[in-house]
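# give the three-dimensional model of this entry:
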Amino acid sequence: METLKVRDVKDVEEVVRAAVASEQPLEVIGHGSKRGIGHPMATNAVLDVSVLNAVSSYEPNELIITVQAGAPLADVQSLIDAKNQQFAFEPMDMSVLLGSAGAGTIGGMIGAGLAGPRRIKAGGARDHLLGAHAVSGFGDSFKTGGRVVKNVTGYDLCKLLTGSWGTLAVMTEVTLKVMPKPEAERTLVLRGLDDVTANKAMTAALGSPFDVSGAAHLPGSALRSGTGALAGLAASGQPVTLVRLEGISASAAHRAASLSQTLSSYGTVDSLADDASALIWSALRDLVPFAANGALGAWPVWRIVCPPASGGALGQALSRATGGDVIYDWGGGLIWAAVPPNADAQAALVRGQVEAVGGHATLIRATEDVRRAVDVFQPQPAGLAALGERVRASFDPRSVLNRGRMIRGGGA
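Below you'll find the predicted structure:
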């Protein structure tokens, strides 16, 4: 397969126009760290935008950074970290789960739109994207949004580009909001709670006035191969519930003490501070228990979003029915489920139980054969699917960008 490395935006326009003229679809990549997510694509060439990697501008005092889409995510995070700032939505490093090299690019981060534990407080990637430059499936450059939080530049196309997996346009530059890093953080640790009780404890914490920024639960089975930061959290087979608070030191300590009293009815509450806390949440964000090089590295992994109140019961039911392991985030609203491998990653069973509670499931990790056999992304009702197709066709009528990635059989 031919790889086309572009040097600038003009090159991107020319490559896309040539693809349209010859009706030859393109796979759009930065570093390719997420190529294993989605259906195998019907493409004949690779459009590589990794050379578009410059930081166009960074204004720490204005909390704004403009960067080209091919810039390595790790490098940009190091840059803003030097100014004690961060992407508040905690973008995932998918290389741990997928076994790929590097954390990917800024464009891949926006195209995937996967947020970490602080999503419950700070919002998702789309909430932090202020503007973008991109090339449509017509081969035309366009600009959406601006460089301020409030802008009136027309349709907010940024919302569509986030989570589109490169099927609408080739992003070339994005402007993002950054936030100051908290001065301190505390993580409250409860041990021994079953999934449903842990769900109740997390709900109580999130409903409290103490400004919780993370609430997660790891059943004992998910910690059976625990390494690094997670290894010493609990005795083997003992589940762990985690609640995070952030802010200035005095506030974080005071709120942690008060919330500990609120949660004391669920059991003994221990506390982790600052670096020890940060390491725990980094390992949770990147799903270290399900790492590609770990004991469950060959197991398919589902990402399930559901009503938080249903999370504990749903996760328990999935574990029993599949024989798999689950990890809860977002207070129970996000479930990561690793299931024993089979021909369809137990798709019918998983989706049946998830849909029964009003949730949706995406198959994040699986072999190519499995991703050909099942719907990777949640199938939509006919009306919503038709609307989505109309939106996609308005950007890329010939379907030359990442053809077939999001819809099984869409590459035909």
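# where's residue 42, which helix or strand?
Using DSSP states H and E, residue 42 falls within no helix or strand.
# isn't it right next to residue 26, touching?
No: taking CB atoms under 8 Å as the definition, residue 42 is not a contact partner of residue 26, at 10.8 Å. Just so you know, the C-beta spots here come from the backbone N, C-alpha and C atoms, and that holds for glycine as well.
# tally up the residues packed near the nearest residue to residue 126 once chain neighbours are set aside, please.
Once flanking residues are discounted, residue 126 sits nearest to residue 162: 3.7 Å by CB to CB, 6 or more residues apart in numbering. Residues near residue 162, counting by other CB atoms under 10 Å, number 21.
# what's the span of stretch 275-294 from first residue to last?
Stretch 275-294 has its terminal residues 24 Å apart, counting by CA to CA, to the nearest Å.
# may I see the buried residues of it?
Buried residues in stretch 275-294, counting neighbours by 16 or more other CB atoms under 10 Å, are found at 277-278, 280-292, 294.
# just the closest of those residues to residue 180, please.
Nearest to residue 180, judged by CB to CB, of these is residue 278 at 15.1 Å.
# if I pick that closest one, what's in contact with it?
For residue 278, the contact set (CB atoms under 8 Å, 6 or more residues apart in numbering) comprises residue 185.
# what of residue 241?
Counting by CB under 8 Å, 6+ apart, residue 241 touches 189-191, 193, 198, 201-202, 216-218, 266.
# which of those has the most neighbours?
Neighbour counts for the contacts of residue 241, by other CB under 10 Å, peak at residue 202, which reaches 32 neighbours.
# for that one, give me its contacts.
Residue 202 is in contact with 215-217, 241, 243, 308, 328, 331-332, counting by CB under 8 Å, 6+ apart.
# how much space between it and residue 88?
20 Å (CB to CB, to the nearest Å).
# ok, residue 368 next?
Distance, residue 368 to residue 88, using CB to CB: 35 Å.
# between these two, which is the more surrounded one?
Shown here are residue 368 and residue 88; by other CB under 10 Å, residue 88 has more neighbours (21 against 10).
# what secondary structure does the more buried one sit in?
Counting by DSSP: H, G, I helix; E, B strand; the rest coil, the backbone at residue 88 sits in coil.
# show the contacting residues for it.
With CB under 8 Å, 6+ apart, residue 88 has these contacts: 118, 122-123, 128, 177-179.
# which of those residues lies closest to residue 75?
Nearest to residue 75 among these: residue 178, at 14.3 Å, using CB to CB.
# I'd like the contacts of residue 202 laid out as TSV, including secondary structure, distance to residue 48 and pLDDT.
TSV is the format used below for the contacts of residue 202 (DSSP: H, G, I helix; E, B strand; the rest coil; distance: CB to CB, whole Å; pLDDT from 0 to 100):
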residue	secondary structure	distance to residue 48	pLDDT
215	strand	39	97
216	strand	36	97
217	strand	40	97
241	strand	43	97
243	strand	42	98
308	helix	40	95
328	strand	37	97
331	helix	39	96
332	helix	40	96
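# pick the one among these closest to residue 92.
Closest to residue 92, out of all of the contacts of residue 202 and judged by CB to CB, is residue 216, at 13.7 Å.
# beta partners for that closest one?
residue 242 (DSSP bridges).
# quick thing: my sequence starts at 46, can you match it?
Will do, 46 is the new start, and the previous item becomes residue 261.
# so who does it touch?
162, 247, 286-287, 326, 329, 372-375.
# show me what counts as buried in stretch 167-184.
Counting neighbours by 16+ other CB under 10 Å, one finds that the buried residues in stretch 167-184 are 167, 169-184.
# sort out for me which of those residues are in helices.
Judged by DSSP state H, those include residue 167 as members of helices.
# if we can go back for a sec, and the contacts of residue 261, which of them are in strands?
Residues of the contacts of residue 261 located in strands (DSSP state E): 286-287, 372-374.
# ok, the residues you listed vs residue 419, which is closest?
Residue 419 lies nearest to residue 372 out of these, by CB to CB, at 21.6 Å.
# can you pull the pLDDT of the closest one?
The confidence metric pLDDT takes the value 96 at residue 372.
# that one: neighbouring residues, count only.
Look at residue 372: counted by other CB under 10 Å, it has 22 neighbours.
# and the most centrally placed residue in the chain, helix, strand or coil?
The residue lying closest to the centre of the chain (CA atoms, centre = their mean) is residue 159, at 1.7 Å. Per three-state DSSP, the local secondary structure of residue 159 is coil.
# per-residue pLDDT, the spatially closest residue to it that is not a sequence neighbour?
Nearest non-adjacent residue to residue 159, counting by CB to CB, 6+ apart: residue 137, 4.9 Å away. With respect to pLDDT, residue 137 scores 93.
# roughly how far does residue 137 sit from residue 184?
Per CB to CB, residue 137 is found 31 Å from residue 184.
# repeat for residue 141
Using CB to CB, residue 141 is found at 36 Å from residue 184.
# show me where the stretch 196-345 of the chain has helices.
Ranges of helices within the stretch 196-345 of the chain are 203-206, 240-251, 294-308, 319-330, based on DSSP state H, counting those that start in this stretch.
# what packs against the first one?
Using 3 or more CB pairs under 8 Å, 6 or more residues apart in numbering; DSSP states H and E as the contact definition, the elements that helix 203-206 packs against are strand 174-181, strand 186-190.
# do that again at 7 Å, thanks
Applying 3 or more CB pairs under 7 Å, 6 or more residues apart in numbering; DSSP states H and E, we find helix 203-206 packed against strand 174-181.
# who does the strand it packs on touch, helix- and strand-wise?
Under the contact definition 3+ CB pairs under 7 Å, 6+ apart, strand 174-181 sits against helix 54-67, strand 186-190, helix 203-206, strand 214-222.
# from these, which stretch is densest packed?
Greatest average neighbour count among the helices and strands packed on strand 174-181 goes to strand 214-222 (a mean of 24), per mean count of other CB atoms under 10 Å.
# that strand pairs with which strands?
Sheet pairing for strand 214-222, assigned by DSSP bridges, gives strand 109-113 (antiparallel), strand 174-181 (antiparallel).
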